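Trainee: Fold the following for me, if possible:
(chains A and B)
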Amino acid sequence: MSFDKSGQLSYDDFAAWIRRYAGVIADNKQYLTDLDAAIGDADHGINMDRGFQAVLPKLDAQTPGDVGAMLKVVGSTLISTVGGASGPLYGTFFLQFGIATAGQSSVGLEQLLKGLDAAISAMQRLGKAEPGDKTLLDALIPARDALRRASEDGEQPAKALSAAVDAADEGMRATIPLVARKGRASYLGDRSAGHQDPGATSVDLLIRAARDQWAG
Amino acid sequence: MKKLINAPDRVVDEALAGMAAAHSDLIRVEPPNIVVRKDAPRRGKVGVISGGGSGHEPMHGGFVGLGMLDAACPGAVFTSPVPDQMQAATKAVDGGAGVLHIVKNYTGDIMNFDLAAQLAEAEGIQVKSVVIADDVAVKDSLYTAGRRGVGGTVLAEKIVGGCAESGANLDTVTAMCQRVQDNVRSMGMALTSCTLPSVGKPTFDLGDDEMEIGIGIHGEPGRSRMKIATADQIVEMLMTPILEDLPFKSGDRVLAFVNGMGGTPLIELYVVYNAVASMLKGKGITVARNLVGSYITSLDMAGCSISLLKLDDEMTRFWDAPVHTPALRWGL
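Mentor: Got it, this is the predicted structure:
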């Protein structure tokens, strides 16, 4: 499954992306938790896995068709099951993405970017974080920006997604030397430097899952 | 890891079922995992709820009952509860006079309570929130998530619960909670790490001869790691930043709270309290009330925290007011 000839993704493409990511999170549960243990409270992988395991049966029960409606279900399920800071943040991401794509049975790059814009600004309102604060935004914003640049340059969707993954990778690695200014890691002050942010890492996995699913 | 558990992912549910069985005269446990005062909602009384990650018992579920909380929302271990819980708790305790949310200052707790307050207000329930942020170990600046909510939360829940029980309205109850927050300061230390049931190994490594000063209640590192010292020296290290921060002055009347982190015996907490009391006496500060015991814990962590609350007559009266909960009971 991938972009069709007119550059559109279907409901099934989105559902497959979420299912793939649920598997990726399960596989990386320990890794994300270990990253969190270094600068947070050692639960990021466990919480994300609990949330996405709860999402899977909701996806099965969903009537295929409306991409936005499905993403809203993903968002509200995450808000209701994850807890911590990642629950509201990831929940808001999918909820806003869903609101931006409500009623659509297919989504192209342009709507994808609109969805990301809406999701990112809502996450920033909720978490009050800025780029460079050592949060998940440090992978998400560069990925969105790279996707937009590639799209504006007229790149094929698959290539644009690869550019987004590269930017997310770079953004994630760039969190290593940063001193955290938000979340539990900020209590560490300078001692938070030298560790990769777990939220930026799970976002990187999310963008990768999209690339692997849609352009793999 | 040696723990009295059946399975890591069932700890919270089974502990809540045990609480419900042990204290059925005081509380009920309802889906989605909320602890509710047995006779809630009380018509015309402001509801007071709190919540946070599990692993800090008896906080918060152990403080549900007459004169303290109307409901508590326990999340997974060290993970903030989800908005559904606070929304359900808010509805369960609303007696028509509105509901106060007492929120500890952690990023996840703030966001989840914020979403829950919006949902409850959309259903026509008036909700106010007060954020407890009393941990002086954290520098409160633009560059941190702000001070953590720690021991002061216990004192706030008791005093605010007494205020709500007296029939005060939502604005008055909210102002009382803010007054406690404005006058309480705390700091903690750890002798050992805690071990999360789901992780199975200590959250951090602390040498046999080391301690962490300024520890958080989730094992978050504090201000500094150093060689172990005597109880008197440790009390000095915790009390000095607390006293300087408010600041507490000669002539003040305070509530002194010495709290165990979960793995420290009461005999050691009394050694600590002895040092706290004599240090306060030396500074001309009167200990008008006190609390000694493990009330806001960090699983099996060994260590303690000290909280000082500058009292006024009204706060003292609500502290003394009758309370009947699983963990605190007096005045009945």
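Trainee: pull the CA atoms of the least confident helix or strand in chain A by mean pLDDT into PDB?
Mentor: None of the helices or strands of chain A scores lower by mean pLDDT, DSSP states H and E than helix A:29-39, at a mean of 92. Written as PDB, here are the backbone C-alpha positions of helix A:29-39 (Å, rounded to 0.1, in the frame of the first residue of the first chain):
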ATOM      1  CA  LYS A  29       9.100  -0.600  24.600                       C
ATOM      2  CA  GLN A  30      12.200  -1.400  26.600                       C
ATOM      3  CA  TYR A  31      14.400   1.000  24.600                       C
ATOM      4  CA  LEU A  32      12.100   3.900  25.100                       C
ATOM      5  CA  THR A  33      11.700   3.100  28.800                       C
ATOM      6  CA  ASP A  34      15.500   2.900  29.200                       C
ATOM      7  CA  LEU A  35      16.000   6.300  27.500                       C
ATOM      8  CA  ASP A  36      13.300   7.700  29.900                       C
ATOM      9  CA  ALA A  37      15.000   6.100  32.900                       C
ATOM     10  CA  ALA A  38      18.100   8.200  32.200                       C
ATOM     11  CA  ILE A  39      16.400  11.600  32.400                       C
END
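Trainee: For chain B, tell me whether that helix is touching it.
Mentor: Yes. Helix A:29-39 reaches chain B (Cβ under 8 Å from any Cβ of the partner chain) through A:33, A:37. To be clear about C-beta, it is placed using only N, CA and C from the backbone, and glycine gets the same treatment.
Trainee: who does that helix touch, helix- and strand-wise?
Mentor: The contact analysis (3 or more Cβ pairs under 8 Å, 6 or more residues apart in numbering or on different chains; DSSP states H and E) places helix A:29-39 against helix A:44-61, helix A:198-215.
Trainee: Around chain B, pick out the residues from chain A.
Mentor: A:33, A:37, A:40-43, A:46-47, A:50, A:79-89, A:126-127, A:179, A:181-184, A:186-189, A:191.
Trainee: So which bits of the least confident helix or strand of chain A are buried?
Mentor: Going by neighbour count (16 or more other Cβ atoms under 10 Å in any protein chain shown), the buried part of helix A:29-39 is A:29, A:32, A:33, A:35, A:36, A:37, A:38, A:39.
Trainee: can you pull the contacts of the nearest residue to the fifth one once chain neighbours are set aside?
Mentor: Using Cβ to Cβ, 6 or more residues apart in numbering or on different chains and skipping the chain neighbours, the partner closest in space to residue A:36 is residue A:44 (3.9 Å). Each residue near residue A:44 by Cβ atoms under 8 Å, 6 or more residues apart in numbering or on different chains is listed here: A:32, A:33, A:35, A:36, A:84, A:86, A:198, A:199, A:202.
Trainee: burial of the last one, as a residue count?
Mentor: Put plainly, it is residue A:202. Neighbours of residue A:202 under the rule other Cβ atoms under 10 Å in any protein chain shown: 25.
Trainee: Surely it is in contact with residue A:135?
Mentor: No. Counting by Cβ atoms under 8 Å, residue A:135 is not a contact partner of residue A:202; they are 11.3 Å apart.
Trainee: Can you name the residues of the stretch 51-200 of chain B that neighbour chain A?
Mentor: Checking the stretch 51-200 of chain B against chain A by Cβ under 8 Å from any Cβ, the hits are B:53, B:75-84, B:106-108, B:111-112, B:114-115, B:138-139, B:142-145, B:148, B:196, B:198-199.
Trainee: Which of these fall within helices?
Mentor: B:83, B:84, B:107, B:108, B:111, B:112, B:114, B:115 (DSSP state H).
Trainee: So which of the residues you listed is the closest to residue B:11?
Mentor: residue B:108 (19.0 Å; Cβ to Cβ).
Trainee: The closest residue to residue A:173 other than its chain neighbours: what's it in contact with?
Mentor: By the measure of Cβ to Cβ, 6+ apart, the closest residue to residue A:173 outside its immediate chain neighbours is residue A:196, 7.0 Å from it. Counting by Cβ under 8 Å, 6+ apart, residue A:196 touches A:35, A:172, A:173, A:175, A:176.
Trainee: Look up which helix or strand residue A:196 falls in, please.
Mentor: Assigned by DSSP states H and E, residue A:196 belongs to neither a helix nor a strand.
Trainee: Quick check: phi and psi on it?
Mentor: In terms of degrees, to the nearest 10, the main-chain angles of residue A:196 are phi -80, psi 140.
Trainee: Kindly provide the distance from it to chain B.
Mentor: Here residue A:196 is placed at a distance of 17 Å from chain B (Cβ to the nearest Cβ, to the nearest Å).
Trainee: Please tell me how far residue B:146 sits from residue B:63.
Mentor: Separation of residue B:146 from residue B:63 (Cβ to Cβ, to the nearest Å): 23 Å.
Trainee: returning to what we had before: output the buried residues of helix A:29-39 as CSV; include the columns distance to residue B:226.
Mentor: As requested, those are arranged in CSV below (distance: Cβ to Cβ, whole Å):
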residue, distance to residue B:226
A:29, 35
A:32, 31
A:33, 28
A:35, 27
A:36, 26
A:37, 22
A:38, 21
A:39, 21
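Trainee: hmm, which two among those residues are most spread apart?
Mentor: A:29 and A:39 (17.6 Å).
Trainee: hmm, back to that, farthest-separated two in the ones in helices among the residues of the stretch 51-200 of chain B next to chain A?
Mentor: B:84 and B:107 (18.9 Å).
Trainee: so residue A:164 makes contact with residue A:209?
Mentor: No. Between residue A:164 and residue A:209 there is no contact under Cβ under 8 Å: 11.7 Å.
Trainee: between these two, who's got more neighbours?
Mentor: Neighbour tally, residue A:164 and residue A:209, criterion other Cβ under 10 Å: the higher count belongs to residue A:164, 28 against 22.
Trainee: which residues are in contact with whatever helix or strand that one lives in?
Mentor: Following DSSP H and E, one finds residue A:164 within helix A:157-174. For helix A:157-174, contacts defined as Cβ under 8 Å, 6+ apart pick out A:2-3, A:7, A:108-109, A:138-147, A:149-151, A:155, A:196-197, A:200-201, A:203-204, A:207-208, A:210-211, A:214-215.
Trainee: what is the orientation angle of that helix with helix A:198-215?
Mentor: Note on geometry: by axes from the mean of the first three to the mean of the last three Cα atoms, to 10 degrees, helix A:157-174 and helix A:198-215 are set 160 degrees apart in direction.
Trainee: How far does helix A:157-174 sit from its chain's centre?
Mentor: The gap between where helix A:157-174 is centred and where its chain is centred comes out at 12 Å by Cα atoms, centre = their mean, to the nearest Å.
Trainee: how about stretch B:220-238: buried residues?
Mentor: B:220, B:221, B:222, B:223, B:225, B:231, B:234, B:235, B:237, B:238.
Trainee: Flag the shaky bits of the chain, pLDDT-wise.
Mentor: Just going to use chain A. Where chain A drops to pLDDT under 70, the residues are A:1.
Trainee: oops, I was thinking of chain B
Mentor: For chain B (pLDDT under 70), the answer is B:141-142.
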